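Visitor: Sequence and predicted model, in that order:
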Amino acid sequence: MSTSDTARYVRLRVDVVLEIDGPTELVEAAEARIDADEFMPEEERAHARAAVREDDAEALAHLVEPFDLIRDVPGIEMVQASWSSEEIEYDPDALEWDLGEEDGTEDDEDDRP
């Protein structure tokens, strides 16, 4: 059996930093998503509504669907997904946010003789 005939698994990691400039709209959209979820029990729905009103990161987590990232990609099937959202301190000039150096390619090229 060739490699192309066997299942292979790939972990795709995506980090996104978002600026929330419309918190009211974000909460309203999250509440609408919660209200539209026909499978969510009413007790859980009440808890979710309260959570999104208190925490913008929680509201965002209710609106993000990892499957949407790969929905139209041929030849794959999502096996597992998880995601989280949290409020952070963000400084675009800090080294930790320089995504270009994450794999070391820029540093390696600068150090060549």
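Guide: Okay, I see it.

Visitor: Ile20 contacts Glu58, doesn't it?
Guide: No - the pair Ile20 / Glu58 is not scored as a contact, 11.9 Å apart, by CB atoms under 8 Å. Heads up, the C-betas are built off the backbone N, CA and C, glycines and all.

Visitor: These two: who's more crowded?
Guide: Using other CB atoms under 10 Å, the more surrounded residue of Ile20 and Glu58 is Glu58, with 18 against 13.

Visitor: mind listing what the more buried one touches?
Guide: Ala30, Ala51, Val52, Ser85 (CB atoms under 8 Å, 6 or more residues apart in numbering).

Visitor: quick one: pLDDT of it?
Guide: If you check Glu58, the pLDDT there is 95.

Visitor: now swap in Asp107 and tell me
Guide: pLDDT, read off for Asp107, is 46.

Visitor: do the same with Arg112
Guide: 46.

Visitor: about what we covered before: quick one: which of the contacts of Glu58 sit in helices?
Guide: Those of those mapping onto helices are Ala30, Ala51, Val52, per DSSP state H.

Visitor: between those residues, which is nearest Ala81?
Guide: Ala30 (18.7 Å; CB to CB).

Visitor: How much space separates that closest one from Glu19?
Guide: Ala30 sits 17 Å away from Glu19, taking CB to CB, to the nearest Å as the criterion.
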